[in-house]
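[1] structure of the sequence below:
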Amino acid sequence: MDHPLKIKELDLIELEDQLAKRIRELDFRRYGSEPNYNPALVTKLDGFSFSGSNFSVSLSGSTMTNDKHGSEPPSGADLAISADIHQGKESKRKAVLVQCKRRSLLRNSKERERLIGQIEKMERITKHPKVLVIEEYQGAIPSIQSGSTILKGSHPREFALSSWLARRFIRTFDGDTRKHVYEAAQSADLDRIWVKAEFESRDEQPFALKT
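    Got it, this is the predicted structure:
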């Protein structure tokens with residue numbers, strides 16, 4: 001499945017609505033910080049499944065492992081979302097790595113500089129790093145931004161997480177379909193494994209993340 005899924009609009013609307021309903025159940029104020037909120041978001045997405053008129057999808061999520069000193073993951077990611085997508089006889093597995101930030105923190109120049117470093121680390125693993133922008137009020141749906149666009153110094157487009165999952169990620173417009181990235185995301189331990197590979201470019205070589 002190397003092409004975008006052809007999904008009926010009614011199925012997309014229903015898929016997006018079901019995802020939004022789950023995500024809206026979270027209130028950031030209840031958790032107080034990203035390290036507390038992120039696992040709750042992963043729990044909401046993990047195990048989600050949907051069957052449309054001509055396709056099915058299941059999502060899984062994992063929070064990234066901190067090092068033994070409690071420092072942030074060397075991969076730069078806070079969490080990973082994976083999808084198993086089936087349409088007829090075709091199937092696709094894909095994943096995305098995400099760094100999470102409160103919108104209020106993004107106004108801080110030091111925090112913005114820190115984010116750039118985290119995106120650069122994610123780009124060592126995936127071609128499509130993402131930033132999840134969290135709103136701090138009840139019923140809010142976080143937004144997804146392109147980490148690569150941020151690195152270029154451009155203003156990224158924003159998509160509501162539920163909309164991006166349904167219309168970009170699951171339809172295979174976005175996300176990383178390489179086997180080693182999917183498996184690393186599934187392991188929930190990106191920072192301690194060798195990222196080995198069938199790399200797409202002959203110039204790319206397997207590497208180990210520094211810990």
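
[2] tell me where this structure has helices.
    9-24, 28-31, 34-45, 109-122, 147-151, 161-164, 179-187 (DSSP state H).

[3] which other helices and strands contact the last one?
    If I follow you right, that is helix 179-187. Counting contacts by 3 or more CB pairs under 8 Å, 6 or more residues apart in numbering; DSSP states H and E, helix 179-187 packs against strand 56-63, strand 79-87, strand 90-102, strand 194-195. The way it works is simple: take the backbone N, C-alpha and C, and place the C-beta from them, glycine included.

[4] give me the angle between the second one and helix 34-45.
    What that stands for is strand 79-87. For strand 79-87 against helix 34-45, the angle by axes from the mean of the first three to the mean of the last three CA atoms, to 10 degrees is 20 degrees.

[5] just to revisit the earlier point, turn the helices and strands packed on helix 179-187 into JSON lines, including mean neighbour count, mean pLDDT and distance to residue 110.
    Output for the helices and strands packed on helix 179-187, formatted as JSON lines (neighbours: other CB atoms under 10 Å; pLDDT from 0 to 100; distance: least, CB to CB, whole Å):
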{"stretch": "strand 56-63", "mean neighbour count": "19", "mean pLDDT": "94", "distance to residue 110": "24"}
{"stretch": "strand 79-87", "mean neighbour count": "21", "mean pLDDT": "95", "distance to residue 110": "23"}
{"stretch": "strand 90-102", "mean neighbour count": "21", "mean pLDDT": "94", "distance to residue 110": "12"}
{"stretch": "strand 194-195", "mean neighbour count": "15", "mean pLDDT": "38", "distance to residue 110": "29"}
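
[6] make CSV out of these and add distance to residue 160.
    As requested, the helices and strands packed on helix 179-187 are arranged in CSV below (distance: least, CB to CB, whole Å):
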stretch, distance to residue 160
strand 56-63, 16
strand 79-87, 15
strand 90-102, 14
strand 194-195, 30
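
[7] nearest to residue 157, of those strands?
    Proximity to residue 157, assessed across those by CB to CB, is greatest for strand 90-102 (15.5 Å).
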